[in-house]
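>>> Model the structure of this input:
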Amino acid sequence: MKGFRHQPSEKKEETNWTKIGIVAVCVLMAVFMVVSMFGMSWLNIFTQAKPGNTALVDFTFRDAQDRPVVTSVLSVITKAQDPSVMTFKANSLPVRVNVSSGEDLIPIQVVNPYNEYGVMEFGLFGPEVDMISNSIAGMGVGDSKVLTYPYAGQMSRQMSIEQFVNITGESFANVKKGDQVPLAFIDQPQIPLDNATPTSYIRTATVIDRDAANITLNYGYPTVEITLTKLTTS
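Numbers count the residues shown, from 1 in each chain. Next up, the predicted model:
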């Protein structure tokens with residue numbers, strides 16, 4: 001009877017623990033170098049905003065017709081592509097989390113890509129900024145929200161056509177309902193005793209009503225989109 005041919009077994013290769021250890025050490029060193037480059041700030045992605053923290057916020061204020069009025073997001077500007085819409089580009093907004101600004105008007109520097117006026121100062125109202133400050137509490141870096149400003153509809157002013165033209169100039173004499181117009185807001189309601197010219201800040205308004213004698217403008221922005229982009233917890 002023929003027997004079965006015995007197949008020689010393959011020799012099992014021994015694990016090279018020394019090689020594995022060297023690779024593991026190299027990987028750990030690479031991770032340590034990357035973490036060192038970023039410092040401890042990378043931990044903020046796991047941190048929620050708490051009262052008193054300092055935050056950097058990207059924002060887009062929109063009027064009642066959903067037109068972007070002022071934004072720190074460049075893609076919002078490029079998507080608009082309508083020179084007739086006055087959209088201003090700003091930098092990200094620094095705020096203290098859940099801390100009131102204590103100001104009536106807060107100026108931010110802006111530019112309009114479609115004009116040649118250069119850098120201007122846009123006026124945000126204190127309650128608008130306070131709403132953002134209060135809303136980012138509990139948010140993490142990268143989180144976004146859409147906020148509704150409840151008093152935007154009440155921010156209206158009626159004036160005669162003559163007053164309106166004196167304020168805005170002849171180029172806006174024939175505006176119609178729904179059009180945007182620029183308005184200037186001053187940082188102090190009373191005329192100073194030294195006759196110094198008060199500082200003014202630009203803000204856009206929408207024509208919400210008009211007849212032969214009067215015009216009504218709304219300068220409130222009911223919607224603001226925010227994204228928490230940076231958080232300092234110290």
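
>>> Find the nearest non-adjacent residue to residue 128, please.
Distances taken as CB to CB, 6 or more residues apart in numbering place residue 149 nearest to residue 128, at 6.2 Å, with adjacent residues excluded. For the C-beta atoms, the positions are set from N, CA and C on the backbone; glycine is no exception.

>>> Show me what residue 94 bridges to in the sheet.
residue 56 (DSSP bridges).

>>> Give me the number of neighbouring residues for it.
12 (other CB atoms under 10 Å).

>>> repeat for residue 118
When neighbours are counted by other CB under 10 Å, residue 118 registers 7.

>>> Look up the pLDDT of the residue lying closest to residue 177 once chain neighbours are set aside for me, please.
Leaving aside its chain neighbours, residue 177 sits nearest to residue 207 (5.3 Å; criterion: CB to CB, 6+ apart). Confidence at residue 207, expressed as pLDDT, is 96.

>>> Am I right that residue 207 is in a strand?
Yes. Applying DSSP: H, G, I helix; E, B strand; the rest coil, one finds residue 207 inside a strand.

>>> Would you confirm that the residue nearest to residue 128 contacts residue 220?
Yes. If you go by CB atoms under 8 Å, residue 149 and residue 220 touch, sitting 6.8 Å apart.

>>> List the contacts of the residue nearest to residue 128.
127-128, 131, 220-224 (CB atoms under 8 Å, 6 or more residues apart in numbering).

>>> Model confidence at it, what's the number?
Residue 149 is assigned 97 on the pLDDT scale.

>>> before we move on, what about residue 77?
85.

>>> Likewise for residue 139?
With respect to pLDDT, residue 139 scores 96.

>>> what's around it, how many residues?
Residue 139: 19 neighbours (other CB under 10 Å).

>>> what do you get for residue 84?
By the measure other CB under 10 Å, the count of residues near residue 84 is 9.

>>> pretty sure it is in a strand, no?
No. If the criterion is three-state DSSP, then residue 84 is coil and not within a strand.

>>> and whatever helix or strand residue 225 lives in, how far from the chain's centre?
Assigned by DSSP states H and E, residue 225 belongs to strand 223-232. Here strand 223-232 is found 6 Å from its chain centre; the criterion is CA atoms, centre = their mean, to the nearest Å.

>>> Same question for that strand: list its buried residues.
223-229, 231 (16 or more other CB atoms under 10 Å).
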